[in-house]
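> After the sequence you'll find the predicted model.
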Amino acid sequence: MNGAALIAGSQERGGVRAMAIDEGPECAAEPPCLRRLDSQALDKLVTVRLAALGETVLVRGTLVDIRSGTQDESRQVVVNSASGPRIDAAMRELGRAFAKPYAPPPVVPKKQTPAYETWWFWTTLGASLAVTGAVVTGVVVATQPQPDVVINPP
């Protein structure tokens, strides 16, 4: 088992730096080991343990604060009919779960509003129609022929 799937899951949303360190699961409980990891400028440690019973594997991850040596969080995933890809998927899921509080929120693309639903579209259309109507009225009135006969009342 390697930590590649766990690291990939933790880095999916960005904002999290992760690396695999082969110190053994007992490192999370030993202060000298935690001091060595602290010297690498790491804040958190995830230990992963697998337990198998027949074709079922329990993948258990524990998040440890390196500086204080305390356990922050523990999660587990049960993998039935366990195979390499299914265990990797469970490790990726654990990585995403542990990284979620530290990763930036996902970028949601802004909904593009159609032009016909904006106020400026209708304002421009109304002003254009008003100007067009005024110009057409002016042209029609200006091009009317003048009467030839003028009748003056007695």
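Arrived safely, thanks for sending.
> give me the beta-bridge partners of residue 50?
residue 59 (DSSP bridges).
> Just to check, it is in contact with residue 59?
Yes - at 5.9 Å, residue 50 and residue 59 qualify as touching, with contact defined as CB atoms under 8 Å. C-beta: built from backbone N, CA, C; applies to glycine.
> For these two, indicate the residue with more neighbours.
residue 59 (25 against 14; other CB atoms under 10 Å).
> who are the neighbours in contact with the more buried one?
Taking CB atoms under 8 Å, 6 or more residues apart in numbering as the criterion, residue 59 is in contact with 48-50, 76-79, 87, 90-91, 94.
> Now render those as TSV, adding pLDDT.
Formatted as TSV, the contacts of residue 59 follow (pLDDT from 0 to 100):
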residue	pLDDT
48	81
49	81
50	84
76	89
77	88
78	91
79	90
87	88
90	88
91	85
94	85
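> Name the SS class of the most centrally placed residue in the chain, please.
Relative to the mean C-alpha position of the chain, the nearest C-alpha, by CA atoms, centre = their mean, is the one of residue 106, at 1.6 Å. Following DSSP: H, G, I helix; E, B strand; the rest coil, we place residue 106 in the coil state.
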